[in-house]
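**Student:** need coordinates for the following:
(chains A and B)
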Amino acid sequence: MFRFLILLVTLQVSAFAQTLRPGVYDGNSSDHKMFVRTLPGREGSFLALIIRNGQQAVPYLVDEFATGRYGFIPLHNLKNLIGATNYTPSLTATVIADSRNNLQINVAPNPGNNVGFNVAEVFKSTRETSPWLPVMPGNYSYKDNRRSTTLSPNDGSRESQLSVASGPMAGTYVLREVRPGMHLAFKSTLTTTGIEVVEESQHIVVFLRGCWARHDKMVFISTSNWSMTEFSLN
Amino acid sequence: MKKLIIPMLLSLSFSAFANLSLPQISAPDELVRGDFAEGTITQISSAEIAEFLPWAQNAKNQLTRALNTARTLPLRDRRTHIERSIRSVVNRSGDRQYQMFMRFSLNRGLLLVSEMSKTMDMTAIGAQESALDILQRSIEVALNFYESDLSFQQRAQSGDASTELSYARFAINFKNSLYAGVINVLDAKAQYRLLYKLVEMVNWDLSRDSHASKHAEEIVEAYEMQQDLLPEPADDDRLNLRYIRRLNTLRLLSLSHDGSRLGGQAQPQIPGVRYGTPSERVTGADIRVGSVVVETHGTISIQRVKNIAGDGFLLLDDGQWYHPTYIKRLVTSYDGISLDQEVYESHGTATIDKVLYITADGLYFLNSADSWFHYSYVEALVDTFNNFRIGEQVVETHGNRSIRTIQRITSKGIFLLDDGTFYHHAYIVKLQ
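**Tutor:** Purely as a prediction, here's the structure:
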């Protein structure tokens, strides 16, 4: 009887190959998260962000290859764009649902592209459906709350000004949204000819609702080594 | 890119082309008539060069200035600014066919952005950035194929006014640069449409190259796939993404600069040649079987000599016979510049680059530029010039009389200052 129940449950899970949904997904440990949002203009595809240990984060373009099967393509900052340098997925995923329509994403490394994370992991859906925000102006703090930053409201052209008072990231930045929910941060320097903006951004910036932490977050991701710096909204 | 002269006498075919019946490849409609029409090929005499000098020099300056100025403009104004500059350069070229590939690249960049506008909402996030990226890439390719009027005039005065236009080399250059821009247009409909047009244009160029049969497989494969696909995107984005994946399998899209196919990542590869230890470099006085040489008749590729006939013709890796006039021996140094050395090239985009290969008659192949340059356009880097030295603060009198720090100096007195701009020494003044 017990074996029959196991078989029945297995059949029920495997029968529900599913379409991915926006939301937050929990990984193997409490500080492994996957954030998923829609991508207008590319129906059936998504943007995703995988965060591990609160220290590393990789943004992805997620394309559907077959029902319930997806490829995760790592994204980088490319001068004035966020895009891929290699369109071979570095991760593949299958999405299944249980009888209650809770999703489970089984992620595995894909040969041909070892950029980003290279470990298999299972992510499970949570109740949060819209954790990924376009932008959150306000005052932020980081590094034990002793350093502050201020993000101005968007000026209508998808640009915001960010001022970092101290520390290794001190300076003024222009944040520009170049993909839905993804920004590039250009450090602004003043010269004798006027304000110049450094052309190559070093970071991708995202804004995440505080469903996974105590505060709403502004997260800087360095695509050279995938390290992340969190700013908490005060 | 400097064009190499093919004497009129040697119009014979040097290679045994396979007897392949290639499909009739039609020109993309947009390049035959209308705003992006490319015109026809003509020859030009040295006497007619002079009237083009002012325009041709201004074309390079105008494009370079457009790229530099755009960096200081708000994002919303950059595309308009660059497009205006491109159209000005293209319009002034009018029906003149000199520097044809430069105009090809500029027209095609405008065409691709026009196609973007027709297939996607240009107010969507990332749309303007993608359009800018495509325009900038088309300008960079255009500048790579820019040749100064002085060099052409010198060749014309030596008696050789004709030029061979390598459509395949242009096509591969254009494809390599613009493909990277097209695949980062994330809107599925727009990406499909742009990729379709890119394949169409590249295939047309390959088919009209004088060595088209060398790419027969790629041409036929692309032609047949495009017959199978619709030129316009589908309403269903999932379907568009499937079509995009099909197009991405085309061998045409993985061709390298020497015409060979790349495996995996699009990194340029020279077949059979690995740049590395001195023992792998050619140092012999004579060209022998096994020598590494560069052929200047086709796609200017580096190959090994497989056989030498009694009449002097050489059989290379690609299976074709070449007259010795078109074969250049590689050396380790020329005019005081050696392999691996950083140099300044003043012909293309005016950059500092590393020398990868040198021919016995003074052509340098530079690493990042991925192109050949005549020695007259290549300058060694030095520490001092006219009592100026690296690290010294000076005043530049060409722009805003700003105080700058010297970062690099060339042997002919070109200074790279810390504003990222190159200045002639006549515009550099010492601080009192």
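**Student:** what secondary structure does A:V58 sit in?
**Tutor:** Per DSSP: H, G, I helix; E, B strand; the rest coil, the local secondary structure of A:V58 is strand.
**Student:** the closest residue to it other than its chain neighbours is in what secondary structure piece?
**Tutor:** Ranked by CB to CB, 6 or more residues apart in numbering or on different chains and with sequence neighbours excluded, the top spatial neighbour of A:V58 is A:G116, at 4.0 Å. All C-beta spots, glycine's among them, are computed from the backbone N, C-alpha and C. Taking DSSP states H and E as the definition, A:G116 sits outside all helices and strands.
**Student:** and the pLDDT for B:N173?
**Tutor:** Looking at B:N173, its pLDDT reads 91.
**Student:** tell me how many other residues crowd the residue nearest to it when sequence neighbours are not counted.
**Tutor:** The shortest distance from B:N173 to any non-neighbouring residue, by CB to CB, 6+ apart, is to B:V141 (5.6 Å). B:V141: 25 surrounding residues under other CB atoms under 10 Å in any protein chain shown.
**Student:** bridging residues for the closest residue to chain B within chain A?
**Tutor:** Per CB to the nearest CB, A:G83 is where chain A lies closest to chain B, at 3.3 Å. Residues in a beta bridge with A:G83, per DSSP bridges, are A:H76.
**Student:** how many neighbours does it have?
**Tutor:** As a burial measure, A:G83 scores 24 neighbours (other CB under 10 Å).
**Student:** contacts only, for the residue of chain B found nearest chain A.
**Tutor:** With CB to the nearest CB, the shortest gap between chain B and chain A falls at B:N184, namely 3.3 Å. Contact partners of B:N184, counting by CB atoms under 8 Å, 6 or more residues apart in numbering or on different chains, are A:78, A:81, A:83-84, B:130, B:133.
**Student:** quick one: residues contacting the nearest residue to A:P153 once chain neighbours are set aside.
**Tutor:** Nearest residue to A:P153 in three dimensions, chain neighbours excluded: A:P137, at 4.3 Å (CB to CB, 6+ apart). By CB under 8 Å, 6+ apart, the contact list for A:P137 reads A:151-154, A:160.
**Student:** where does the residue of chain B closest to chain A fall, phi/psi-wise?
**Tutor:** Dihedral pair for B:N184: phi -100, psi 10, per degrees, to the nearest 10.
**Student:** what residues does chain A put near chain B?
**Tutor:** Contact residues (CB under 8 Å from any CB of the partner chain) of chain A with chain B: A:39-45, A:61, A:63-64, A:78-84, A:86-87, A:112, A:157-159, A:176-180, A:191-194, A:196-197, A:199.
**Student:** only the buried subset of those, as a PyMOL command please.
**Tutor:** Entered in PyMOL, the line below selects the buried ones among the residues of chain A next to chain B, by 16 or more other CB atoms under 10 Å in any protein chain shown:
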select buried, chain A and resi 39+41+42+43+44+45+61+63+64+78+80+81+82+83+84+86+87+158+159+176+177+178+179+180+196+197
